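J.: kindly return the folded structure for what I paste below:
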Amino acid sequence: MKAKVVYFTKSGHTKQIADAIGEELKCPVTNIDVPVTEAVDILFLGASVYKFGIDKQVLDFIDNLEPTLIGSVVLFETSALADNGYHKMSKKLTAKGIKVCENHYHCKGAFMLINKNHPNEDDINKAKQFATSIKE
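T.: Presented below is the predicted three-dimensional model:
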C-alpha cells in the first residue's frame, strides 16, 4: 500500500496529527503546498476547521487533485469546536469522482482557553491507532 499524508494548518495542531499518521504508516508527510504528482493508494488529507469552515487553500487543493492518481482519501481534522470539516471535504472529493473513506479522525485543537493542551499524547496515540485501522 502506497500512502501519503497531506495537511493544512495555521496553529500547528493538524501538523502534529499528520506527523503521527506518517510516522505510524512510515509514509511521506507534506503540507498542502506540495501537489500530489505520483499515484497513491491512500491519501490522508488533514485540515483545520476555522470559523466553522475549511480554509480556501484546502478547497483549492482538492480542486487541483487528479482523480486518476488517488485510490481513496482518508480525512482527518482538528478544531476547537466543530467536527464539520469532513462533510464539506468529502462532498467536494466525491464530486470529483474520488473515493472517500467513511471513517475519519477528528481531534480537538486548543484555541484560547478551549481544549487547552490539545492535541495531547492521547490524541497522538489515537491518530496512530486510526491510521493502523485504515491500513488493515
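
J.: who are the packing partners of the lowest-mean-pLDDT helix or strand in the chain?
T.: Among the secondary structure pieces of the chain, namely its helices and strands, strand 53-54 has the lowest mean (mean pLDDT, DSSP states H and E), a mean of 77. With contacts defined as 3 or more Cβ pairs under 8 Å, 6 or more residues apart in numbering; DSSP states H and E, strand 53-54 has these neighbours: helix 85-95. No exception for glycine: its C-beta is placed from N, CA and C like everyone else's.

J.: now do the helix or strand encompassing Phe76 and helix 85-95, the angle between them.
T.: If you go by DSSP states H and E, Phe76 is part of strand 70-79. Between strand 70-79 and helix 85-95, the angle formed by their directions is 160 degrees, by axes from the mean of the first three to the mean of the last three Cα atoms, to 10 degrees.

J.: strands of this protein, residue ranges please.
T.: For the chain, applying DSSP state E gives strands covering 3-7, 29-31, 40-50, 53-54, 70-79, 105-108.

J.: what residue ranges in this protein score low on pLDDT?
T.: Low-confidence segments of the chain (pLDDT under 70): 50-52, 80-85, 108-116, 118, 136.

J.: hang on, the earlier thing: determine which of the strands of the chain approaches Ile98 most closely.
T.: Nearest to Ile98 among those is strand 70-79 (5.3 Å), distances taken as Cβ to Cβ.
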